[in-house]
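# I'll drop the sequence and a predicted model, then ask my questions.
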Amino acid sequence: MGLLNPMTKSKLAITLGDPSGIGPELVAKLLADEATRQEANILLVGDDHLLRQGERQANVKVDLDAIDETDIARFKGCAQLHIDTISENEVRPAEVTEASGRAALRCLDKALDLATEGLVNGVLFAPLNKAAMTKAGLAQQDEHQYIANYINFDGHHGEINVLDELMTTRVTSHIALKDVAAHITPDGIANAIQLAHDTLRQAGKARPAIAVAALNPHAGDNGKFGREEIDVITPVVQSFQQKQMNISGPWPSDTVFLKAKRREVDAVVTMYHDQGQIAMKLFGFDRGVTLVGGLPIPIATPAHGTAFDIVGQNKADIGATRQAFNLLLRMTTKRHLST
């Protein structure tokens with residue numbers, strides 16, 4: 001993948017997400033902000049009528065230059081690559097539809113194509129709806145696996161949740177709680193730690209401090225409530241410490257996020273989905289970002305969903321979308337300067 005001149009601004013592709021959700025409204029609000037437009041070269045990928053829909057929902061006006069495929073490598077400023085993915089009469093606000101899922105995937109595909117070709121440096125996608133994408137043929141568990149498969153990436157990757165300066169990775173993700181313990185493996189823990197470390201380095205942290213959560217109450221209480229901490233987690237933590245990496249744990253999961261709140265650590269590695277998600281969303285639901293970690297392309301999205309309950313009401317909070325944009329700026333700028 002090629003990179004743009006490091007002396008230029010980052011070039012980011014943005015998609016509107018699921019047309020039935022709040023994505024068009026969020027993107028319209030983001031691109032109507034002149035400060036945003038000055039920080040990067042922005043390419044909106046998607047249907048023109050969906051941007052107009054977002055403008056009406058957000059009560060804003062967004063002026064973008066219309067470009068075609070031949071202009072992408074040279075454009076500066078803010079522009080739109082119009083592609084036809086869904087007709088206006090197929091858009092059903094606040095409904096899960098195959099048409100919306102198909103449109104969201106086609107725009108995401110195009111943005112990924114541009115990134116793998118080196119024409120953009122990162123991708124920001126507005127909220128997607130898994131049910132709609134599944135109707136449209138999504139075969140993978142989620143969009144993270146879909147993206148890795150689409151760009152033919154077979155290395156370790158995973159969802160990273162970001163809130164301001166704090167990141168979380170997890171050893172297991174979208175599986176039943178009753179299956180978690182069986183999936184707590186040395187390789188899984190090591191991969192989650194390494195993913196957090198590498199991503200924080202990409203975001204500018206020279207020596208990240210990472211806390212690893214325990215699985216059991218009281219971190220197992222010396223084996224009384226389970227031996228995963230003794231037999232599996234601690235040996236992996238020690239192996240990273242032997243490499244002079246700033247890794248600690250396992251810490252009881254009911255206190256580890258106090259360290260994060262006090263900014264004593266840059267990341268928390270959790271053992272399962274809700275162990276980290278509940279804390280992160282309580283800390284700041286309207287600022288959370290999801291990063292598709294481990295991929296050769298920086299890709300981010302707001303951590304919340306399509307919010308069908310407020311579609312078309314001009315209530316969608318832009319905070320998380322703006323934070324996703326800011327994170328991509330940090331990551332792509334650092335990549336420019338390091339090449």
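Arrived safely. Note that the structure is predicted; figures quoted are calculated from it, not measured.

# What is the burial count for residue 22?
By the measure other Cβ atoms under 10 Å, the count of residues near residue 22 is 34. All C-beta spots, glycine's among them, are computed from the backbone N, C-alpha and C.

# Residue 214 too?
For residue 214, using other Cβ under 10 Å, the count is 26.

# Now do the contacts for it.
Neighbouring residues of residue 214 by Cβ atoms under 8 Å, 6 or more residues apart in numbering: 220, 228-229, 233, 249-253, 256, 271.

# With residue 74 instead?
Contacts of residue 74 by Cβ under 8 Å, 6+ apart: none found.

# Can you check the pLDDT for it?
As predicted, residue 74 sits at a pLDDT of 89.

# how about it, secondary structure?
At residue 74 the chain is in coil, as set by DSSP: H, G, I helix; E, B strand; the rest coil.

# now do the one 5 residues further on
Three states are possible here, and by three-state DSSP the one that applies to residue 79 is strand.

# what's the spacing between it and residue 68?
Residue 79 sits 10 Å away from residue 68, going by Cβ to Cβ, to the nearest Å.

# If you count surrounding residues, which of those two has more?
Taking other Cβ under 10 Å, residue 79 and residue 68 do not tie; residue 79 has more neighbours (16 against 8).

# For the more buried one, list each beta-bridge partner.
Applying DSSP bridges to residue 79 gives these bridge partners: residue 43, residue 65.

# wait, isn't it in contact with residue 45?
No: Residue 79 lies out of contact with residue 45 (Cβ atoms under 8 Å); the separation is 10.0 Å.

# Tell me the buried residues in the helix or strand where residue 280 lies?
Assigned by DSSP states H and E, residue 280 belongs to helix 273-284. Within helix 273-284, the residues scored as buried using 16 or more other Cβ atoms under 10 Å are 273, 275-277, 279-281.

# likewise stretch 220-240?
Quick answer for stretch 220-240 (16+ other Cβ under 10 Å): 220, 226, 228-229, 232-234, 236-237, 240.

# then it to CSV, C-alphas only?
Written as CSV, here are the backbone C-alpha positions of stretch 220-240 (Å, rounded to 0.1, in the frame of the first residue of the first chain):
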residue,chain,number,x,y,z
GLY,A,220,-9.3,-16.0,41.6
ASP,A,221,-8.3,-15.4,45.3
ASN,A,222,-5.2,-17.6,45.0
GLY,A,223,-7.1,-20.3,43.2
LYS,A,224,-10.1,-20.4,45.4
PHE,A,225,-12.4,-19.1,42.7
GLY,A,226,-10.6,-20.5,39.7
ARG,A,227,-7.1,-21.1,38.5
GLU,A,228,-7.1,-19.2,35.2
GLU,A,229,-5.1,-16.4,36.7
ILE,A,230,-2.4,-18.7,38.1
ASP,A,231,-2.2,-21.2,35.2
VAL,A,232,-2.9,-19.0,32.2
ILE,A,233,-2.9,-15.3,32.6
THR,A,234,0.0,-14.6,34.9
PRO,A,235,2.6,-16.6,32.9
VAL,A,236,1.7,-14.6,29.8
VAL,A,237,2.0,-11.3,31.7
GLN,A,238,5.4,-12.3,33.0
SER,A,239,6.5,-13.2,29.5
PHE,A,240,5.9,-9.6,28.4
